[in-house]
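Visitor: Quick check, what structure comes out for this input:
(chains A and B)
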Amino acid sequence: DAGVTQSPTHLIKTRGQQVTLRCSPKSGHDTVSWYQQALGQGPQFIFQYYEEEERQRGNFPDRFSGHQFPNYSSELNVNALLLGDSALYLCASRYGLDNTGELFFGEGSRLTVL
Amino acid sequence: DAKTTQPNSMESNEEEPVHLPCNHSTISGTDYIHWYRQLPSQGPEYVIHGLTSNVNNRMASLAIAEDRKSSTLILHRATLRDAAVYYCILKRGGSQGNLIFGKGTKLSVKP
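Guide: Purely as a prediction, here's the structure:
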């Protein structure tokens, strides 16, 4: 049973470019969340998707957008990249919106913006 | 969501018990206490969670104070693989909000 898988694992972009990160949730999971983790910090919540809709959003600008597909996989898009967007981007999944249970994380996509 | 306070770092010897403290004095009645850990170069992984009663699982135990203003994650016999950043997180039951991570406690385990 595959866990949460993310791609790519590493990528390098330059300022002003756009990036798309992809996530496949753990089998049986329908809710996907995205987190940004800067070096030495804890993960920061970006947004959550359920039933192909953005359900909750953290304190991130509109440059950060996402999508969830009918098969529950998800994409994170970041436009007009800034140096400060360099971070580890984590995808997490669970079944249902009830958040009292375990959240499963992928190993992340490390983005470097030059 | 209510805030938690954890020590920045702790050290332990291999095969000894480890007690990781967490203060959450503004916890509300419906807040669950979650613990996650993040090993180097990996995403966070769930450790344990509880509401009021102490909880045990194969990884750890969670001791919750009677007034719920603090809790302690207990690793019964630390191994080198337990070296990680441990996050204590409060999460209100239901669909509102997501996990709000602080900086956590970096646990070092000495052989």
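Visitor: residues contacting residue 75?
Guide: All of this is about chain A. Counting by Cβ atoms under 8 Å, 6 or more residues apart in numbering or on different chains, A:E75 touches A:20-23, A:66-67, A:69. In this view, the C-beta of every residue, glycine as well, is placed from N, C-alpha and C.
Visitor: oops, I was thinking of chain B
Guide: Here B:L75 is in contact with B:12, B:17-18, B:20, B:59-60, B:82 (Cβ under 8 Å, 6+ apart).
Visitor: picking up where we left off before, please spell out the PyMOL selection for the buried subset of the contacts of A:E75.
Guide: Buried residues within the contacts of A:E75, by 16 or more other Cβ atoms under 10 Å in any protein chain shown, are selected in PyMOL with:
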select buried, chain A and resi 21+23+66
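Visitor: Serialize the contacts of A:E75 to JSON lines and add fields for secondary structure.
Guide: Converted to JSON lines, the contacts of A:E75 look like this (DSSP: H, G, I helix; E, B strand; the rest coil):
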{"residue": "A:T20", "secondary structure": "strand"}
{"residue": "A:L21", "secondary structure": "strand"}
{"residue": "A:R22", "secondary structure": "strand"}
{"residue": "A:C23", "secondary structure": "strand"}
{"residue": "A:G66", "secondary structure": "strand"}
{"residue": "A:H67", "secondary structure": "strand"}
{"residue": "A:F69", "secondary structure": "coil"}
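Visitor: and the contacts of A:E75, which two are the farthest apart?
Guide: A:L21 and A:F69 (13.9 Å; Cβ to Cβ).
Visitor: and of the contacts of B:L75, the nearest to A:E102?
Guide: Distances from A:E102 to those, taken by Cβ to Cβ, are shortest for B:M59, at 11.5 Å.
Visitor: how close does that closest one sit to A:D30?
Guide: Noted for B:M59: a distance of 26 Å to A:D30, by Cβ to Cβ, to the nearest Å.
Visitor: Who wins on neighbours among the contacts of B:L75?
Guide: B:L20 (22 neighbours; other Cβ atoms under 10 Å in any protein chain shown).
Visitor: Give me the distance between it and B:A84.
Guide: In terms of Cβ to Cβ, B:L20 sits 11 Å off from B:A84.
Visitor: Let me know whether stretch B:6-15 sits next to chain A.
Guide: No: Stretch B:6-15 does not reach chain A (Cβ under 8 Å from any Cβ of the partner chain); its nearest approach is 10.4 Å.
Visitor: Quick one: name the residues of chain A near chain B.
Guide: Counting by Cβ under 8 Å from any Cβ, chain A sits next to chain B at A:4, A:33, A:35, A:40-45, A:48, A:55-56, A:58, A:90, A:92, A:97-108.
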